[in-house]
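Trainee: using only what follows, build the 3D model:
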Amino acid sequence: MGSEKTPEKTILSNANAVDMLAILWERGEIKISDFGCISTNYNTIINGVQTLIDNDLVSMRFEQGRKMMHMVSLTEKGREIARLCSEARTVLRNGGL
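Mentor: So this is what the prediction gives:
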């Protein structure tokens, strides 16, 4: 038992990462405020998105309308992982395979 290694953490260990990626897979490009369904704490959302950006899973762009909007979308690498996250959420919601 003493020689067992602690599993290496990944981006998916971060709070809300799986849900954020799955939502992007299911909805496509969204406003950053649309992540309010995950957390009401804006700093939590911003930090989560920034972590996903730092790991090249999402990109963010600014869109000027009546208000400045932060738009978030998946990168190519992110699409691959987001699809799997979405599938996992579906299995968990449905109680198994």
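Trainee: drop to CA atoms for contacts and neighbour counts, all remaining ones
Mentor: Noted.
Trainee: what are the buried residues along stretch 66-76?
Mentor: By neighbour count on 16 or more other C-alpha atoms under 10 Å, the buried set for stretch 66-76 is M69, M71, V72, S73, L74, T75.
Trainee: and for stretch 39-58?
Mentor: T44, I45, G48, V49, Q50, T51, L52, I53, L57, V58.
Trainee: average pLDDT across it?
Mentor: Per-residue pLDDT values across stretch 39-58 average out to 95.
Trainee: again with stretch 13-27
Mentor: Rounded mean pLDDT across stretch 13-27 is 93.
Trainee: then stretch 82-97?
Mentor: 87.
Trainee: buried residues in that stretch?
Mentor: Within stretch 82-97, the residues that qualify as buried are A82, R83, C85, S86, A88, counting by 16+ other C-alpha under 10 Å.
Trainee: want to throw these into JSON lines with distance to W25?
Mentor: Shown next, in JSON lines, are the buried residues of stretch 82-97 (distance: C-alpha to C-alpha, whole Å):
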{"residue": "A82", "distance to W25": "6"}
{"residue": "R83", "distance to W25": "6"}
{"residue": "C85", "distance to W25": "9"}
{"residue": "S86", "distance to W25": "7"}
{"residue": "A88", "distance to W25": "12"}
